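In: Fold the following.
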Amino acid sequence: MTYSEEHRYHRQLGLVDQTAVSSMKISLGGDPQLIMATLTQLACAGVGTGPKGSISICIPQKNKLGNNRHSWVFATSDKLETWDDLTVILKESHNINLNFSSPTKSTHVEFLRGDNFDDDADLYATIWHGQAVLSKSPLKFNTPPNVSPSMLDASLEVALAAATVQRLFAINGVIKENMLSDTWVTLTGRVDGLMPDEAVKEYSSIHGGATATLLPDGSGSLLRFRIPLESTPSELLKGIIHSCKMPEMLSNDWLMEVGPFPLKLNEQGEVISSKLELPRQIDSANLLVLGTGGLGSWATPLFVSGVNLENLNISLVDADSSVDIHNLNRQVLYTIKEVGIPKAPAAAKRLREIFGERPNITAIQNRLEQRHATPAIAVEILGDYGSISLDELVGIEDVIDDEPLNEAIENMDIALACLDNQFARTMLNKCCISNEVPMINGGGEAFSGVVEVLNNGICMTCRYGKDAAYTQEVISCQETGTRPVASIVTTTAWVGAMQAALALLNLAEIKGHREGMSWDCGMIHNRPVGRLPWIEGECSCHI
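Out: Numbering: from 1, shown residues only. The predicted model follows:
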């Protein structure tokens, strides 16, 4: 199976003009942690990979990286000591032209930790204790903000980077006017004298079965065979021409909150420095991550960064049998070396490379289904045999070893739903209700995303209704999904980062933050978490 390197951008071809993305000229200055967090997403999206494109870092290239929280995306710390080391690594891994002098006509972003700034910029990305803001002009504070470290630092840095990269797309005019959810190449054949249902039975191809439609005159059928991505020249997939939106113009007073805590301004337009006090890390956690793709591969390492590694247990659950090349534009736990390897063990291996032997990580290649959320029931006639599950009672034979997943569900104290279908989210939510633990629900496709806490009497049925909660439609980035979707790094990074942040805040029992948020083409909004008005009763009764 052979892929072109450009197939890694396949899932975003309907969202952005990839040629224009590769030709963007971006310069980054200021805080090194935020620069690296942003650089990882620019690289995932393919910015600066074209002959006319570049990414410039306004940091002396011989400077040590030190303890950079995000450099693991490119290489382990023993292979990446200085910023200059990135030049070779990015060229080899992503074909990115990285330099250390600002090109003319580049879009410049200045990253700030607190209120210190030196350079003029097109965008300012500012972070301080538990909060992050993207703005057109430098922020002004009524009093110096608290910049002490917190458990949310890594998550907020990634979320702020996602908002920054999305605005860079908009400012540079590379976002498509109308989205394509997928593109593929089809082999078409004409069959005379056979109706469509007969034609699909008669013909097959080395690429699989066919679909068929009736010819306009009714004399036969048109057969169509979808060519797999690995057999498709990448240039053919760029052949659909559709226009981009006009470059975005931001007013000088434009700003946007990025994190879970609301921003307050006084009458002079100054940011009111909050008295928020967050711990540097939480003492312990038993985390279950359902889905290690776009959301899970961001949320998991960001959550880990806020917990004492000695007391952290992680269960990674994913049924996908392999990492695909087109996952690499957003699923940062994987590289070209993991293509073809099952996701859960590949994610566990990468996390051990990043964080060492602690935390304790278990990879589970399984799919969460009804049987895992069905409690065992006592049956008197069983006598010494004790109890039986409903699946066993009706004679369903389980050929998969469910013990690791059942054990992970029993031991979890928080769960992240990083999934591509509602039914699995609802099954996880059912398990969380039974175990009285919160579920951080996340979802994203194209330039839309949502993150929310389901806890304290709010469940999937409360939020979305019975039919929607139990729908079996698989909204997937895979070709096998019933509705394949376009995907890009900015959406998955922001949703995954906010899932990690909300999980940490819930375990630390911190109050005053939003319980739900949405992402709409990089614009972030509050999204209150509540019940549908016609849903009544306890969640355990209707989920």
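
In: C-alpha from now on. contacts and neighbour counts both.
Out: Noted.

In: how about the CA coordinates for stretch 428-445, as CSV?
Out: Extracted in CSV, the C-alpha atoms of stretch 428-445 (Å, rounded to 0.1, in the frame of the first residue of the first chain):
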residue,chain,number,x,y,z
LEU,A,428,-20.3,5.7,27.5
ASN,A,429,-22.6,8.2,29.1
LYS,A,430,-24.7,5.3,30.4
CYS,A,431,-21.6,3.8,32.0
CYS,A,432,-20.7,7.2,33.5
ILE,A,433,-24.1,7.5,35.1
SER,A,434,-23.9,4.0,36.6
ASN,A,435,-20.5,4.8,38.0
GLU,A,436,-21.4,8.4,39.0
VAL,A,437,-18.5,10.0,37.1
PRO,A,438,-18.6,13.0,34.7
MET,A,439,-18.3,12.6,30.9
ILE,A,440,-16.6,15.3,28.9
ASN,A,441,-18.3,15.0,25.5
GLY,A,442,-16.6,16.4,22.4
GLY,A,443,-17.3,16.4,18.7
GLY,A,444,-15.9,18.1,15.7
GLU,A,445,-16.2,18.1,11.9
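
In: Report the buried residues of it.
Out: Neighbour counts over stretch 428-445 (16 or more other C-alpha atoms under 10 Å) mark 428-434, 437-445 as buried.

In: what's it in contact with?
Out: If you take C-alpha atoms under 8 Å, 6 or more residues apart in numbering as the criterion, stretch 428-445 is touched by 295, 368, 372-373, 409-410, 412-420, 425, 449-455, 459-460, 485-488, 491-492, 495-496, 499, 502-503, 506, 539-540, 543.

In: What average pLDDT does that stretch get?
Out: Across stretch 428-445, the average pLDDT comes to 94.

In: Run the chain-centre distance for that stretch.
Out: Centroid displacement of stretch 428-445 relative to its chain, using C-alpha atoms, centre = their mean, to the nearest Å, is 17 Å.

In: ok, now which ones touch Glu452?
Out: Ile440, Asn441, Gly442, Gln499, Glu515, Gly516, Met517, Arg527, Val529.

In: any idea which of those is the one closest to Leu139?
Out: Met517 (22.9 Å; C-alpha to C-alpha).

In: Helix, strand or coil: sort out Met36 for me.
Out: helix (DSSP: H, G, I helix; E, B strand; the rest coil).

In: Please apply the same query to Leu237.
Out: Quick answer, by three-state DSSP: Leu237 is helix.

In: check contacts around it.
Out: Leu237 neighbours (C-alpha under 8 Å, 6+ apart): His10, Leu13, Thr183, Trp184, Val185.

In: Dump those into CSV; add neighbour count as well.
Out: What follows is the contacts of Leu237, written out as CSV (neighbours: other C-alpha atoms under 10 Å):
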residue, neighbour count
His10, 24
Leu13, 23
Thr183, 19
Trp184, 15
Val185, 16
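
In: Closest one of those to Glu267?
Out: Lowest distance from Glu267 to the contacts of Leu237 (C-alpha to C-alpha) belongs to Leu13, with 44.0 Å.

In: Not counting its neighbours along the chain, what's nearest that closest one?
Out: Closest residue to Leu13 apart from its sequence neighbours, by C-alpha to C-alpha, 6 or more residues apart in numbering: Lys238 at 7.3 Å.

In: Any idea how many residues pack against the one you found?
Out: For Lys238, the neighbour count with other C-alpha atoms under 10 Å is 16.

In: So it versus Thr213, what's the distance?
Out: 26 Å (C-alpha to C-alpha, to the nearest Å).

In: what about Val485, neighbour count?
Out: 21.

In: my read: it touches Thr183, true?
Out: No. With contacts counted by C-alpha atoms under 8 Å, Val485 stays clear of Thr183, the gap being 10.1 Å.

In: and the gap between the residue nearest to Trp128 when sequence neighbours are not counted and Tyr334?
Out: Nearest residue to Trp128 in three dimensions, chain neighbours excluded: Val147, at 4.7 Å (C-alpha to C-alpha, 6+ apart). Distance, Val147 to Tyr334, using C-alpha to C-alpha: 32 Å.

In: Looking at these two, which is more packed in?
Out: Set Val147 next to Tyr334 and count neighbours by other C-alpha under 10 Å: Tyr334 wins out with 24 against 14.

In: OK, contacts around that one?
Out: The contact partners of Tyr334, taken as C-alpha under 8 Å, 6+ apart, are Val323, Leu328, Ala346, Ala347, Arg350.

In: Quickly list the domain ranges of the chain.
Out: Structural domains assigned to the chain are 5-177+246-257, 185-231, 285-369+407-542, following automatic domain parsing.

In: Kindly check the end-to-end length of the second one for me.
Out: Taking C-alpha to C-alpha as the measure, domain 185-231 stretches 9 Å from start to finish.

In: Let me know the secondary structure of Ala408.
Out: Applying three-state DSSP: Ala408 is helix.

In: pLDDT score assigned to it?
Out: pLDDT, read off for Ala408, is 91.

In: same check, this time on Glu397
Out: Looking at Glu397, its pLDDT stands at 46.

In: And for Ile535?
Out: Per-residue pLDDT puts Ile535 at 86.

In: likewise Asn95?
Out: Looking at Asn95, its pLDDT reads 88.

In: Distance-wise, check it relative to Leu263.
Out: 39 Å.

In: Then Leu428?
Out: 33 Å.

In: So in this structure, where's the weakest helix or strand by average pLDDT?
Out: strand 377-378 (a mean of 46; mean pLDDT, DSSP states H and E).

In: Okay, the nearest residue to Gly516 once chain neighbours are set aside and Leu28: tell me how far apart.
Out: Leaving out its chain neighbours, the residue that sits closest to Gly516 by C-alpha to C-alpha, 6+ apart is Glu452, at 4.0 Å. Distance of Glu452 to Leu28, given as C-alpha to C-alpha: 31 Å.

In: got any ranges where this protein has weak pLDDT?
Out: 1-5, 76-78, 103, 117-118, 375-400, 473-483 (pLDDT under 70).

In: hmm, back to that, export the contacts of Leu237 to JSON lines and tack on distance to Lys79?
Out: Putting the contacts of Leu237 into JSON lines (distance: C-alpha to C-alpha, whole Å) gives the following:
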{"residue": "His10", "distance to Lys79": "29"}
{"residue": "Leu13", "distance to Lys79": "32"}
{"residue": "Thr183", "distance to Lys79": "37"}
{"residue": "Trp184", "distance to Lys79": "38"}
{"residue": "Val185", "distance to Lys79": "40"}
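
In: Let me have these in CSV, adding secondary structure and distance to Ser106 as columns.
Out: Formatted as CSV, these follow (DSSP: H, G, I helix; E, B strand; the rest coil; distance: C-alpha to C-alpha, whole Å):
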residue, secondary structure, distance to Ser106
His10, helix, 26
Leu13, coil, 23
Thr183, coil, 31
Trp184, coil, 34
Val185, strand, 36
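
In: and the two most separated of these?
Out: Using C-alpha to C-alpha, the contacts of Leu237 span at most 13.8 Å, a distance reached by Leu13 and Val185.

In: Cheers, nothing more for now.
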